[in-house]
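A.B. asks: here's my sequence, what's the structure:
(4 chains)
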Amino acid sequence: MIRIRLKLFASMKDICGFTEKDFSFEKPVSVNELIEELTGLYPAVSEKKGILLIAVNEEYTDSGTILEDGDTVAIFPPVSGG
Amino acid sequence: MIRIRLKLFASMKDICGFTEKDFSFEKPVSVNELIEELTGLYPAVSEKKGILLIAVNEEYTDSGTILEDGDTVAIFPPVSGG
Amino acid sequence: MKQIITQTETINLDALLAHGESPSDGADLVFIGKVRNHSRGKTVIHIDYEIYDTMALKELNKIADEALAQWDTGRILIVHRFGRVNIGEASIVIAVSSSHRDESYRSSRYIIDEIKKRVPIWKKEFYSDGSEWIGDRN
Amino acid sequence: MKQIITQTETINLDALLAHGESPSDGADLVFIGKVRNHSRGKTVIHIDYEIYDTMALKELNKIADEALAQWDTGRILIVHRFGRVNIGEASIVIAVSSSHRDESYRSSRYIIDEIKKRVPIWKKEFYSDGSEWIGDRN
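C.D. replies: Numbering: from 1, shown residues only, chains lettered A, B, ... in the order given. Predicted coordinates for the structure are as follows:
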């Protein structure tokens, strides 16, 4: 079993109503599969799909990345700091 | 008779030993002729000839400019402010 | 020298610039990003900045390192606020010092442009009639 | 808004930046030129700036007007010192404010580059073993 910590920010946090949650899977999953899971629970996530950015363990990556046990995945809309 | 006020700055001031002096001429002269006059009085001015900048009445101009009565001429080396 | 700070407190510009000054640096360039009272036709009351703090610090450090590798600068200082920032207050200060101004201008511009692209911080603008996350409509 | 000042006094950055601030400007870019402790291999003790004051003010105003005509900026503030300026002290401050940063960077860079070319101010560097006017060797 692999355990993934999911962090959400900005509008993604508003849509799903949490900032951090742990997910467990029977076998390795990609970030895309994690987003599918999330969309099942919170259908409004689908509205954001085209714009989402992904970081695994605080490094940007793409949604095809396969997650390992203990990974922290952050999913967020385009940044707007400065 | 035309009267010209001459202002010198930086190394030109050091060479000639003054910051401001009035010159009078019988007939209109160019800035070049004024510099010739000055070089006669202070030969070291010739060392600076290639680099001098000219302003007449606080506006940059070239050394061919013909001076009118009451003009203020400033002669100085390249600027180095900032 | 490189210093990266994220904070909720108001940015004290004077104290900041005095810190780590070097007598061999002749050109300081200070970029100060402030909260404006208008944004795309709306009147802004204040902005809340949300931050993914640990990752933001990593990205800010990477950006500063990239700038240091490209331009010969003596000091790079970046401060980004998060939480509520009021109109006219600085949300970000970037101070770059170098011997010659060309390095300072290029480095400073690179840093702010990269911050806007990469650093996980999000603005939520508050108006008289509601609020909105910026960047989602892309 | 445009403000041009030449002065012998130390430049008070904080007071300066607070003056004429506008809540509609989101990007302040502040260039601070300081006297360095070294110059072409020599150790500098201080610099004396000589100024053709009336003409310098005219040229600084022209440069600011040219920048205002080219870029949409809310405020341009230029302060240049003359007389003796010590190591680490600011000889020049240029503050440009605008709604968007691109204008501030372009305008600021234009202003400092033009000042270096055109404004009748001259540096005399003082070393442990003498002094020298800068710029004469072209």
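A.B. asks: could you say which helix or strand holds residue C:55?
C.D. replies: helix C:53-70 (DSSP states H and E).
A.B. asks: return the set of buried residues in that helix.
C.D. replies: Buried residues in helix C:53-70, counting neighbours by 16 or more other Cβ atoms under 10 Å in any protein chain shown, are found at C:55, C:56, C:57, C:58, C:59, C:60, C:63, C:64, C:67, C:68. (Glycine included, C-beta is placed from N, CA and C.)
A.B. asks: could you check that helix against chain A for contacts?
C.D. replies: Yes - judged by Cβ under 8 Å from any Cβ of the partner chain, helix C:53-70 and chain A are in contact via C:54, C:55, C:56, C:58.
A.B. asks: tell me how many other residues surround the residue in chain A that chain C sits nearest to.
C.D. replies: Relative to chain C, the nearest point of chain A is residue A:81 (3.0 Å; Cβ to the nearest Cβ). Residue A:81 has 27 neighbouring residues, counting by other Cβ atoms under 10 Å in any protein chain shown.
A.B. asks: contacting residues for the residue in chain A positioned nearest to chain D?
C.D. replies: Here the residue of chain A nearest chain D is residue A:82; by Cβ to the nearest Cβ that distance is 8.4 Å. Residues near residue A:82 by Cβ atoms under 8 Å, 6 or more residues apart in numbering or on different chains: C:33, C:80, C:91, C:92, C:112, C:115, C:116, C:119, C:121.
A.B. asks: what helix or strand is the fourth one located in?
C.D. replies: The one in question is residue C:92. strand C:90-98.
A.B. asks: any idea how far that strand is from the chain center?
C.D. replies: Centroid displacement of strand C:90-98 relative to its chain, using Cα atoms, centre = their mean, to the nearest Å, is 6 Å.
A.B. asks: repeat that for stretch C:80-98.
C.D. replies: Worked out by Cα atoms, centre = their mean, stretch C:80-98 lies 5 Å from the chain centre.
A.B. asks: which of the residues in that stretch are classified as buried?
C.D. replies: For stretch C:80-98, the neighbour count (16+ other Cβ under 10 Å) marks C:80-82, C:85, C:87, C:90-98 as buried.
A.B. asks: what of stretch A:68-78?
C.D. replies: Buried residues in stretch A:68-78 (16+ other Cβ under 10 Å): A:71, A:72, A:73, A:74, A:75, A:76, A:77, A:78.
A.B. asks: so which of those residues sit within strands?
C.D. replies: Mapping the buried residues of stretch A:68-78 onto strands (DSSP state E) picks out A:72, A:73, A:74, A:75, A:76.
A.B. asks: which of those residues are close to chain C?
C.D. replies: Among those, proximity to chain C is found for A:74, A:76 (Cβ under 8 Å from any Cβ).
A.B. asks: pLDDT for the ones in strands among the buried residues of stretch A:68-78 - can I get that in JSON lines?
C.D. replies: Below are those laid out as JSON lines (pLDDT from 0 to 100):
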{"residue": "A:72", "pLDDT": "98"}
{"residue": "A:73", "pLDDT": "98"}
{"residue": "A:74", "pLDDT": "98"}
{"residue": "A:75", "pLDDT": "98"}
{"residue": "A:76", "pLDDT": "98"}
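A.B. asks: farthest pair within the ones in strands among the buried residues of stretch A:68-78?
C.D. replies: Farthest-apart pair in these is A:72 and A:76; separation 12.8 Å (Cβ to Cβ).
A.B. asks: whatever residue of chain C ends up closest to chain A: what's it in contact with?
C.D. replies: Proximity of chain C to chain A (Cβ to the nearest Cβ) peaks at residue C:121, 3.0 Å away. Counting by Cβ under 8 Å, 6+ apart, residue C:121 makes contact with A:79, A:80, A:81, A:82, C:49, C:50, C:51, C:52, C:56, C:80, C:82.
A.B. asks: near chain C, which residues of chain A are found?
C.D. replies: A:7, A:9-11, A:13-14, A:48, A:51, A:53, A:55, A:58-60, A:74, A:76-82.
A.B. asks: just those residues: which are in strands?
C.D. replies: Per DSSP E, the residues of chain A next to chain C map to strands at A:7, A:53, A:55, A:59, A:60, A:74, A:76.
A.B. asks: per-residue confidence, the residue lying closest to the residue of chain A closest to chain C once chain neighbours are set aside, what does it come out as?
C.D. replies: Using Cβ to Cβ, 6 or more residues apart in numbering or on different chains and skipping residues adjacent in sequence, the residue nearest residue A:81 is residue C:121, 3.0 Å away. pLDDT for residue C:121: 98.
A.B. asks: ok, now residue C:38?
C.D. replies: Looking at residue C:38, its pLDDT reads 88.
A.B. asks: what sits up against the helix or strand residue C:84 falls within?
C.D. replies: Taking DSSP H and E as the definition, one finds residue C:84 inside strand C:83-86. For strand C:83-86, contacts defined as Cβ under 8 Å, 6+ apart pick out C:8, C:35, C:46, C:47, C:48, C:49, C:91.
A.B. asks: ok, it: who's next to it in the sheet?
C.D. replies: strand C:42-51 (antiparallel) (DSSP bridges).
A.B. asks: contacts for the strand it pairs with?
C.D. replies: A:9-10, A:13, A:81, C:6, C:35-38, C:80-87, C:91, C:120-128.
A.B. asks: can we see that at 7 Å?
C.D. replies: The contact list for strand C:42-51, computed with Cβ atoms under 7 Å, 6 or more residues apart in numbering or on different chains, reads A:9-10, A:81, C:6, C:35-38, C:81-87, C:91, C:120-128.
A.B. asks: mind checking how far it is from the chain centre?
C.D. replies: Remark: strand C:42-51 is offset 15 Å from the chain centroid, using Cα atoms, centre = their mean.
A.B. asks: pull the CA atoms of it into CSV?
C.D. replies: In CSV, the C-alpha atoms belonging to strand C:42-51 read as follows (Å, rounded to 0.1, in the frame of the first residue of the first chain):
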residue,chain,number,x,y,z
LYS,C,42,-12.5,46.9,-10.1
THR,C,43,-11.7,48.8,-6.9
VAL,C,44,-9.5,46.7,-4.7
ILE,C,45,-9.8,46.9,-0.9
HIS,C,46,-7.0,44.6,0.0
ILE,C,47,-5.3,41.4,-1.1
ASP,C,48,-4.8,38.1,0.7
TYR,C,49,-1.7,36.2,-0.4
GLU,C,50,-1.7,32.4,0.1
ILE,C,51,1.7,30.7,0.1
